[in-house]
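**Student:** here is the input, now give the coordinates:
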Amino acid sequence: MTRRALGVALLLFTGLAGEGYAAGKPAFEDLLANLKSSNAKTRQEAASQLGKSRRREAVAPLSALVRDEEPKVRLEVVRALRELRDVEGVPALVTSLQDGDTKIRREAIESLVEVYAELPGSTPLDLFSDQFDRSSVSPFTTVDSRVFSGLARELQDEDAGNREQAALAIGILGGAPVVNDLIRVLQDPESSVRGAATTAIGKVGTAADGKALIPLLRDDSETVRKRALKAIGVLRVRDAGPALRELYEANRRSEVGMRILECLSRVGDPAQADLFRELVQDPDPDRRRLAVEGLGRITDSSMIAAFTKDYQRERNDELRLAYSFALTLLGNRAFLDSLVLCLPSKTLGSRCRGYITEMGRDILPDLTPYLNDPDADVRAELCDILGVLGDSGTIERLTPLVNDPSSKVADRANRAVERLRRVSASHP
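**Tutor:** Residues are numbered from 1 along each chain as shown. Predicted structure coming up:
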């Protein structure tokens with residue numbers, strides 16, 4: 001080969017490499033072309049690499065292959081759409097919920113969760129999502145209604161694992177429109193499916209929906225019973241009070257008895273006031289705490305004087321916070337001070353956040369003055385809480401803290417303001 005010919009060959013090779021042929025890696029345009037190959041293996045590999053490309057332009061051509069004749073190609077397409085995490089791929093994933101292959105349907109369920117939900121971890125549905133009281137979709141995110149219709153159909157899937165995952169997905173994505181479908185699944189022969197539906201109802205249902213969970217307090221499965229307790233407590237199903245009381249009396253001194261009491265404390269059934277008044281005197285501090293919280297939630301105002309005195313005499317920090325919570329609920333907002341000032345505590349801050357969040361927006365007028373607290377940690381914690389509890393009117397109170405001398409406060413205030421703006425824009 002002459003020197004001139006060698007030079008031309010090198011130029012050609014360099015040009016081809018620049019177009020993506022080097023090291024056997026096709027260019028993006030060639031991957032798109034490979035999706036139309038008559039060779040199934042080529043289509044499968046192209047789908048896989050397009051998923052890794054992170055390019056939105058790949059969504060439409062990938063979506064066109066959800067009905068490919070080869071199951072391996074369809075599976076790879078769903079996985080690619082999962083990696084791309086673009087809502088434009090949602091219709092294709094909904095279509096894949098009806099695929100004839102069990103594994104593809106499962107992958108489609110999990111992919112839809114990946115697209116919408118804000119969850120840690122690489123496999124969202126591996127999470128036993130009872131740890132989250134409500135759905136895990138941002139309030140400014142709207143889930144396509146076709147997603148819930150598709151997942152509701154999957155609740156009847158022949159595969160029990162898919163039924164379970166579909167129920168969990170409905171809960172994670174906030175599928176309140178199909179809560180009645182979840183209620184019907186409470187009769188499923190598989191305990192894992194009943195448990196998943198129970199958890200999902202606890203996330204997307206109302207107290208009225210939660211009445212359907214009461215029979216599950218005596219389910220054959222211990223896991224289902226535990227999940228029913230959690231969901232009934234979250235939804236505050238007052239009608240569950242008598243059934244919970246009966247169970248508690250039968251299990252007073254056992255570990256399960258404490259879980260039942262915690263649920264009973266949350267539902268706010270006034271008929272249980274006598275039990276809570278009895279347990280306020282119990283030697284066990286955890287039972288006393290739950291009794292104090294329970295009396296606060298049923299707004300038993302006759303306890304205000306006694307609680308005020310007990311608060312002053314109490315030495316247990318958790319119990320003092322419980323009294324502060326109950327007295328605030330009962331109308332004495334001066335006790336909110338104890339909860340707010342304890343927010344930065346590494347040991348008690350989480351409980352305080354839970355108490356304040358539970359009180360909801362009614363407490364906002366009493367919370368916002370603490371944005372001027374001299375403690376930067378208190379201001380920072382309040383920014384986080386107000387970012388969740390607040391409304392459009394809260395933005396004005398938070399805005400000055402965007403320039404707070406503490407960078408931690410400034411950053412959290414900025415995030416809270418931006419979140420509230422997005423929420424306000426999506427729910428005018």
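**Student:** ranges for the helices of the stretch 251-400 of the chain?
**Tutor:** Taking DSSP state H, counting those that start in this stretch to define them, one finds helices in the stretch 251-400 of the chain at 255-267, 273-279, 285-297, 304-313, 317-329, 336-341, 349-359, 364-367, 376-389, 392-398.
**Student:** now the ones you listed as CSV including distance to R106 and mean pLDDT?
**Tutor:** Every C-beta, even on glycine, is put in place using the N, C-alpha and C of the backbone. Listed next are these as CSV, based on distance: least, CB to CB, whole Å; pLDDT from 0 to 100:
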stretch, distance to R106, mean pLDDT
helix 255-267, 32, 95
helix 273-279, 45, 95
helix 285-297, 40, 96
helix 304-313, 52, 94
helix 317-329, 43, 96
helix 336-341, 44, 97
helix 349-359, 34, 96
helix 364-367, 43, 94
helix 376-389, 33, 96
helix 392-398, 41, 93
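**Student:** out of these, which comes closest to L50?
**Tutor:** Nearest to L50 among the helices of the stretch 251-400 of the chain is helix 376-389 (36.9 Å), distances taken as CB to CB.
**Student:** which strands or helices does that closest one pack on?
**Tutor:** Here helix 376-389 touches helix 336-341, helix 349-359, helix 364-367, helix 392-398, helix 407-426, going by 3 or more CB pairs under 8 Å, 6 or more residues apart in numbering; DSSP states H and E.
**Student:** in the first one, which residues are buried?
**Tutor:** I take that to be helix 336-341. Of the residues in helix 336-341, 336, 338-341 count as buried by neighbour count, 16 or more other CB atoms under 10 Å.
**Student:** now do stretch 157-167
**Tutor:** Buried, per 16+ other CB under 10 Å, within stretch 157-167: 157, 162-167.
**Student:** do me a favour and average the pLDDT over that stretch.
**Tutor:** Mean pLDDT, computed over stretch 157-167, is 97.
**Student:** residues contacting the closest residue to A40 other than its chain neighbours?
**Tutor:** Leaving aside its chain neighbours, A40 sits nearest to E70 (4.1 Å; criterion: CB to CB, 6 or more residues apart in numbering). Applying CB atoms under 8 Å, 6 or more residues apart in numbering, we find E70 in contact with 40, 43-44.
**Student:** repeat that for L398.
**Tutor:** 371, 383, 386-387, 390, 413, 416-417, 420.
**Student:** what would these look like in a markdown table with neighbour count and distance to L32?
**Tutor:** Shown next, in a markdown table, are the contacts of L398 (neighbours: other CB atoms under 10 Å; distance: CB to CB, whole Å):
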| residue | neighbour count | distance to L32 |
| --- | --- | --- |
| L371 | 19 | 53 |
| C383 | 25 | 46 |
| L386 | 27 | 47 |
| G387 | 21 | 42 |
| G390 | 23 | 46 |
| A413 | 27 | 45 |
| A416 | 25 | 42 |
| V417 | 22 | 42 |
| L420 | 23 | 41 |
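**Student:** which member of those is positioned nearest D144?
**Tutor:** Closest to D144, out of all of the contacts of L398 and judged by CB to CB, is L420, at 24.6 Å.
**Student:** report pLDDT for the closest one.
**Tutor:** pLDDT, L420: 92.
**Student:** same deal with T123?
**Tutor:** For T123, pLDDT reads 48.
**Student:** what's in contact with stretch 40-49?
**Tutor:** Contacts for stretch 40-49 (CB under 8 Å, 6+ apart): 26, 31-32, 34-37, 62, 65, 68-70, 72-73, 76-77, 79-80.
**Student:** which of those fall in helices?
**Tutor:** 31-32, 34, 62, 72-73, 76-77, 79-80 (DSSP state H).
**Student:** those residues: which two are farthest apart?
**Tutor:** Maximum distance among those (CB to CB): 19.0 Å, for L32 and K72.
**Student:** neighbour count: the two, which is higher?
**Tutor:** Using other CB atoms under 10 Å, the more surrounded residue of L32 and K72 is L32, with 19 against 15.
**Student:** show me the residue at the heart of this protein, geometrically.
**Tutor:** S136 (2.7 Å; CA atoms, centre = their mean).
**Student:** which helix or strand contains that residue?
**Tutor:** Per DSSP states H and E: S136 is located in neither a helix nor a strand.
**Student:** quick revisit: export the contacts of L398 to JSON lines and tack on distance to R353?
**Tutor:** Formatted as JSON lines, the entries for those read as follows, by distance: CB to CB, whole Å:
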{"residue": "L371", "distance to R353": "16"}
{"residue": "C383", "distance to R353": "12"}
{"residue": "L386", "distance to R353": "12"}
{"residue": "G387", "distance to R353": "12"}
{"residue": "G390", "distance to R353": "14"}
{"residue": "A413", "distance to R353": "17"}
{"residue": "A416", "distance to R353": "14"}
{"residue": "V417", "distance to R353": "19"}
{"residue": "L420", "distance to R353": "18"}
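**Student:** which of those residues sits closest to P91?
**Tutor:** Closest to P91 out of these is L420 (31.0 Å), distances taken as CB to CB.
**Student:** contacting residues for the closest one?
**Tutor:** 387, 390-392, 394-395, 398.
**Student:** repeat that for 10 Å
**Tutor:** By CB atoms under 10 Å, 6 or more residues apart in numbering, L420 lies in contact with 139-140, 386-395, 398.
**Student:** burial check on V115, number of neighbours?
**Tutor:** Neighbour tally, V115, other CB under 10 Å: 21.
**Student:** that one: what's it in contact with?
**Tutor:** Applying CB under 10 Å, 6+ apart, the residues contacting V115 are 81-82, 84-90, 93, 141, 143-144, 147, 173.
**Student:** pLDDT of whichever strand or helix holds it, averaged?
**Tutor:** If you go by DSSP H and E, V115 is part of helix 102-116. For helix 102-116, the mean per-residue pLDDT is 95.
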